[in-house]
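# Here is the input, now give the coordinates:
(one chain, ligands or ions: 1)
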Amino acid sequence: MTPAARIQAAIDLLDAIIASARDGGPAADTLIARYFKERRYAGSRDRRAVRDHVYDAIRRAGERPETGRAAMIGLAGERPEIAALFDGSVHGPLPIEPGEEGAVAGAVPGWIAPLLAPAVEQEALLGRAPVDLRVNRLKAEPAGVAPLFPEAEAVAGLPDALRLPEGFPVEQSAAWKDGLVEVQDAGSQWIVAACDARPGATVVDLCAGAGGKTLAMAAAMRGQGRLVAADTIRSRLARLEPRAERAGATFVETLLLDQAHEARGLADLAGQADVVLVDAPCSGTGTWRRNPEARWRLTPQRLDRLVAEQARILYFAAPLVAPGGWLVYATCALTDYEGRGQVDAFLSRHPGWTPEPLALPAGRAHGAGWLLTPGHDGTDGFFFARMRREAA
Ligand SMILES: C[S@@+](CC[C@H](N)C(=O)[O-])C[C@H]1O[C@@H](n2cnc3c(N)ncnc32)[C@H](O)[C@@H]1O
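Numbers count the residues shown, from 1 in each chain. Now for the predicted structure:
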């Protein structure tokens, strides 16, 4: 492909990504993979260049652009070498017309900016994310694993964490294949630290998904006790099972819940859990570094639905906690509606519950909970809080 043809390919892909974000279709990565599957003539250098153009244009535009061409012209306005490729050549884009406008630059959609916690450094939400590992204590010790990844740096305060550069192909390593390490952002590891799941405890991971935090809690529990991973989506729990096998965490029980009738499936656990983690479905504003096109999918209506769902999940999570036990509420969202506000609302409606101060070496106190941000902590963005149920 010529350099100009790569720009046109990026424009075509951006058109598909914009439509998919608007209509709730597949993610950008899926669309890019499909595009190149149908175009075998594109070599690996072409694919990498087109992908870089696409993601540079996505990162640059906080609002969903009208067209792929507008997104790319916006980028061309800042990058003369890209502007020069709008040359009208055979497979390249038509020249930019005088007065033809590019997409407006911005970190976040205008409507959501005032809803983010004031401490959030908005530009940093679109930075590059490293690859963080967690050493799986069910199979290995940090001192044994660190020499296997000489490129890795330590993460202050998290003895099981290792930080590798962006894009490091961990899944090709024998250590990953053998279950000695998991890929897990340091922010998620801090949440697990706040859960303080101990050997022998009864722990419920209520929104377990594919089990990232479940497996970290399994390791913290040293494989001893009861650990229930629940979710309403069968395919997500199905992904947890082979991961648990690989990690040597076969004591994990999975529990598929019926959406809107979750309490029924959880009845046996009422008042039993020492720890309940609610890692709630959320706007994902804290993970835009990894998934920048998610900004184009979020709408005020979707945010409202998420806030209502989070409150509903907290409502059926609380009765599972044993007297003296704790509930950890976490989101990878940085809006106060989903974080601080959600926890304040819970505490106001649940007398007998007390927020527990978290004094972690990363992050900042925020309301009754704790805030981690890419700009301040180099992690994904998270809000989490730990609330203790009064002892009987
Ligand atoms: C942020 S993700 C969880 C990520 C996971 N804990 C991890 O660390 O990899 C939120 C999860 O909540 C699940 N979920 C949504 N509504 C739920 C409900 N009503 N009850 C339980 N889980 C729910 C979603 O299916 C999704 O897997």
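# can you pull the contacts of the residue nearest to the spatial centre of the chain?
Centroid-nearest residue in the chain, with C-alpha atoms, centre = their mean: Thr287, separated by 4.5 Å. For Thr287, the contacting residues are Ala294, Cys332, Asp380, Gly381, by C-beta atoms under 8 Å, 6 or more residues apart in numbering. C-beta here means a position set from N, CA and C on the backbone, and glycine is covered the same way.
# Can I get those residues in TSV including secondary structure?
Below are these laid out as TSV (DSSP: H, G, I helix; E, B strand; the rest coil):
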residue	secondary structure
Ala294	helix
Cys332	coil
Asp380	coil
Gly381	coil
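# What is the nearest of those to Ala27?
Proximity of the contacts of Thr287 to Ala27 was ranked by C-beta to C-beta; the top entry is Ala294 with 8.5 Å.
# gap between that closest one and the ligand?
12 Å (C-beta to the nearest ligand atom, to the nearest Å).
# Am I right that that residue is in contact with Trp288?
Yes - the pair Ala294 / Trp288 is scored as a contact, 6.0 Å apart, by C-beta atoms under 8 Å.
# quick one, which of these two is more surrounded?
Trp288 (29 against 17; other C-beta atoms under 10 Å).
# Spit out the contact partners of that one.
Applying C-beta under 8 Å, 6+ apart, the residues contacting Trp288 are Val108, Leu125, Leu126, Ala294, Arg295.
# quick check, nearest of those residues to Arg388?
Leu125 (31.6 Å).
# Tabulate the CA atom coordinates of the longest helix along the chain in PDB.
Of all segments of type helix in the chain, defined using DSSP state H, the longest is helix 3-23. Listed next in PDB are the C-alpha coordinates belonging to helix 3-23 (Å, rounded to 0.1, in the frame of the first residue of the first chain):
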ATOM      1  CA  PRO A   3       1.400   5.900   2.300                       C
ATOM      2  CA  ALA A   4      -1.700   7.800   0.900                       C
ATOM      3  CA  ALA A   5      -3.600   4.500   0.500                       C
ATOM      4  CA  ARG A   6      -3.000   3.800   4.100                       C
ATOM      5  CA  ILE A   7      -4.600   7.100   5.000                       C
ATOM      6  CA  GLN A   8      -7.600   6.200   2.900                       C
ATOM      7  CA  ALA A   9      -7.800   2.800   4.600                       C
ATOM      8  CA  ALA A  10      -7.700   4.500   8.000                       C
ATOM      9  CA  ILE A  11     -10.600   6.800   6.800                       C
ATOM     10  CA  ASP A  12     -12.700   3.800   5.700                       C
ATOM     11  CA  LEU A  13     -12.100   2.000   9.000                       C
ATOM     12  CA  LEU A  14     -12.900   5.100  11.000                       C
ATOM     13  CA  ASP A  15     -16.200   5.400   9.100                       C
ATOM     14  CA  ALA A  16     -17.000   1.800  10.200                       C
ATOM     15  CA  ILE A  17     -15.800   2.500  13.800                       C
ATOM     16  CA  ILE A  18     -17.900   5.700  14.100                       C
ATOM     17  CA  ALA A  19     -21.100   3.900  12.800                       C
ATOM     18  CA  SER A  20     -20.400   1.000  15.100                       C
ATOM     19  CA  ALA A  21     -19.900   3.300  18.100                       C
ATOM     20  CA  ARG A  22     -23.200   5.000  17.300                       C
ATOM     21  CA  ASP A  23     -25.200   1.800  16.800                       C
END
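# Restricting to C-alpha, output the helix or strand just after that helix in PDB.
Sequence order places helix 28-37 as the next helix or strand after helix 3-23, per DSSP states H and E. Backbone C-alpha positions of helix 28-37 (Å, rounded to 0.1, in the frame of the first residue of the first chain) are rendered in PDB as follows:
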ATOM      1  CA  ALA A  28     -12.700  -1.000  16.800                       C
ATOM      2  CA  ASP A  29     -10.200  -3.900  17.300                       C
ATOM      3  CA  THR A  30     -12.700  -6.400  15.900                       C
ATOM      4  CA  LEU A  31     -13.500  -4.100  12.900                       C
ATOM      5  CA  ILE A  32      -9.800  -3.600  12.200                       C
ATOM      6  CA  ALA A  33      -9.100  -7.400  12.300                       C
ATOM      7  CA  ARG A  34     -12.100  -8.000   9.900                       C
ATOM      8  CA  TYR A  35     -10.900  -5.300   7.500                       C
ATOM      9  CA  PHE A  36      -7.500  -6.900   7.100                       C
ATOM     10  CA  LYS A  37      -8.800 -10.400   6.900                       C
END
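# tell me the angle of helix 28-37 relative to helix 3-23?
140 degrees (axes from the mean of the first three to the mean of the last three C-alpha atoms, to 10 degrees).
# helices or strands up against helix 28-37?
helix 3-23, helix 44-60 (3 or more C-beta pairs under 8 Å, 6 or more residues apart in numbering; DSSP states H and E).
# quick one on the thing from earlier: ok, the contacts of Thr287 vs the ligand, which is closest?
Closest approach between the contacts of Thr287 and the ligand, by C-beta to the nearest ligand atom: Cys332, at 6.2 Å.
# Please list all residues in contact with the closest one.
Contacts of Cys332 by C-beta under 8 Å, 6+ apart are Gly187, Cys282, Gly284, Thr285, Gly286, Thr287, Asp380, Gly381, Phe382.
# how much space is there between it and Lys177?
Distance check for Cys332 against Lys177: by C-beta to C-beta, to the nearest Å, it reads 27 Å.
# One more: Gly157?
28 Å.
# go on, Ala28?
In terms of C-beta to C-beta, Ala28 sits 28 Å off from Lys177.
# Just want to know which of these two has more residues nearby.
Ala28 (23 against 12).
# Could you double-check that the more buried one lies in contact with Arg295?
No - counting by C-beta under 8 Å, Ala28 does not reach Arg295; the two are 11.4 Å apart.
# List the contacts of the host helix or strand of Asp132.
Applying DSSP H and E as the criterion places Asp132 in strand 131-135. For strand 131-135, the surrounding residues in contact (C-beta under 8 Å, 6+ apart) are 141-142, 145, 149, 152, 155, 160-168, 170, 180-186, 189, 216, 219, 379.
# Quick check: residues of the protein near the ligand?
188, 206-210, 212-213, 230-233, 236, 257, 259, 262, 279, 281, 313 (C-beta under 6 Å from any ligand atom).
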